[in-house]
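*Asks:* return atomic coordinates for the entry below.
(2 chains)
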Amino acid sequence: MKIKDIYELPDCRFLVKGDPEREISRVFCCDLLSIAMSKAPAGGVWVTVMGNKNTLAVASLTDTACIVLAEGVSLDDSTLAKAEEEGIAVAATELPVFDMALQIYKAGDL
Amino acid sequence: MSEALTFNYKIDGDDFTRAGEASSSVKNKLKQLGLDSDIIRKVAIAMYEGEINMVIHADGGSITVTVSDSDITMVLADHGPGIPDIEKAMQEGYSTARPEVRSLGFGAGMGLPNMKKYTDEMHIDTVIGQGTTITMKVHI
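*Replies:* I've put the predicted structure just below:
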């Protein structure tokens, strides 16, 4: 599955497109940044309700491919600009974490 | 690479919005040096945890990263309160972080355990009321 395949999911809107051709390794759910820091898989899609500057820092350091903000959470413009710069895709959804992660998991046959 | 490369960073205290910049910078430099991505990930995680700890507990400090042929050494020094019980602090889940820090997603008591887990050597030198110096090495 590639980032661009997630673009197609109806419940998910992209705030930063990232690299559409980047291959996805796994879906990962976690809201504690300290745990995400040690567990987020490289090349993963990380679904979380934690939307602050540090979310992006953790994504960048763990080489996460795409952050999906659940439950209507968003990121401020400067953080989105930074994500753009770092080539990390950012999407947002109104769905709860599990429902969104499951959709991506099913769509990607991960 | 025959001569060791050294990078120095000053970490601002209590500025969460900038925490992680030094680790990101090191990560990018190691990438440019062509190091293995697993090694870069280990260094980035260990250093970020240390950087966050300095911001949470010690009002900032300094980090020196040295890259030699055989390893990457990170020395994190602060003038914070010191760690009264290292054994307790090394337990996963033990945290003394403030509630507002926890609301940002930190303070789960994973910082020091993660630093140990992702490095090959770690040494903590702490004096109550004077500060803490943590030295970590990742072998290449």
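
*Asks:* for residue 70, what are its contacts?
*Replies:* All of this is about chain A. Residues near A:A70 by C-beta atoms under 8 Å, 6 or more residues apart in numbering or on different chains: A:V47, A:T48, A:V49, A:T93, A:L95, A:P96, A:V97, A:M100. In short, each C-beta sits where N, CA and C put it, glycine included.

*Asks:* was after chain B, sorry
*Replies:* Taking C-beta under 8 Å, 6+ apart, we find B:S70 in contact with B:H139, B:I140.

*Asks:* what do you get for B:I45?
*Replies:* By C-beta under 8 Å, 6+ apart, the residues touching B:I45 are A:M37, A:S38, A:L61, A:T62, B:N114, B:Y118.

*Asks:* and it, which of the three is it?
*Replies:* Look at B:I45: counting by DSSP: H, G, I helix; E, B strand; the rest coil, its state is helix.

*Asks:* so for the most centrally placed residue in chain B, what's the pLDDT?
*Replies:* Geometric centre of chain B, nearest residue: B:G50, 2.4 Å, by C-alpha atoms, centre = their mean. Looking at B:G50, its pLDDT is 95.

*Asks:* kindly report the same for the one 10 residues further on.
*Replies:* With respect to pLDDT, B:G60 has a value of 92.

*Asks:* neighbours around it, how many?
*Replies:* 17 (other C-beta atoms under 10 Å in any protein chain shown).

*Asks:* so B:A108, which of the three states?
*Replies:* Look at B:A108: counting by three-state DSSP, its state is coil.

*Asks:* didn't it look like it was pressed against B:S95?
*Replies:* Yes. The pair B:A108 and B:S95 passes the contact test of C-beta atoms under 8 Å, sitting 6.5 Å apart.

*Asks:* host element of the nearest residue to the residue nearest to the centre of chain B once chain neighbours are set aside?
*Replies:* Taking C-beta to C-beta, 6 or more residues apart in numbering or on different chains, and ignoring the residues beside it in sequence, B:G50 has B:L76 as its nearest neighbour in space, at 4.5 Å. Per DSSP states H and E, B:L76 falls inside strand B:71-78.

*Asks:* looking at the contacts of A:A70, which is nearest B:K137?
*Replies:* For the contacts of A:A70, the residue nearest B:K137 by C-beta to C-beta is A:T48; the value is 31.5 Å.

*Asks:* neighbours of the nearest residue to the closest one once chain neighbours are set aside, just the number please.
*Replies:* Leaving aside its chain neighbours, A:T48 sits nearest to A:D31 (5.4 Å; criterion: C-beta to C-beta, 6+ apart). By other C-beta under 10 Å, 14 other residues sit near A:D31.

*Asks:* A:T55 contacts A:L33, doesn't it?
*Replies:* Yes. Counting by C-beta under 8 Å, A:T55 touches A:L33, with 6.9 Å between them.

*Asks:* pull up the residues of chain B that are close to chain A.
*Replies:* Applying C-beta under 8 Å from any C-beta of the partner chain, one finds that chain B approaches chain A through B:16-17, B:19-21, B:23-24, B:27, B:37, B:41, B:44-45, B:48-49, B:104-111, B:114, B:117-118.

*Asks:* so which of those are in helices?
*Replies:* Counting by DSSP state H, the residues of chain B next to chain A place B:21, B:23-24, B:27, B:37, B:41, B:44-45, B:48-49, B:111, B:114, B:117 in helices.

*Asks:* quick revisit: shared neighbours, B:A108 and B:S95?
*Replies:* Going by C-beta under 8 Å, 6+ apart, residues that sit against B:A108 and also against B:S95 are B:R102.

*Asks:* by mean pLDDT, flag the weakest helix or strand of chain B.
*Replies:* Least confident helix or strand of chain B, by mean pLDDT, DSSP states H and E, is helix B:99-103 with a mean of 87.

*Asks:* do the same with chain A
*Replies:* For chain A, counting by mean pLDDT, DSSP H and E, that's helix A:33-39 with a mean of 89.

*Asks:* many thanks, have a good one.
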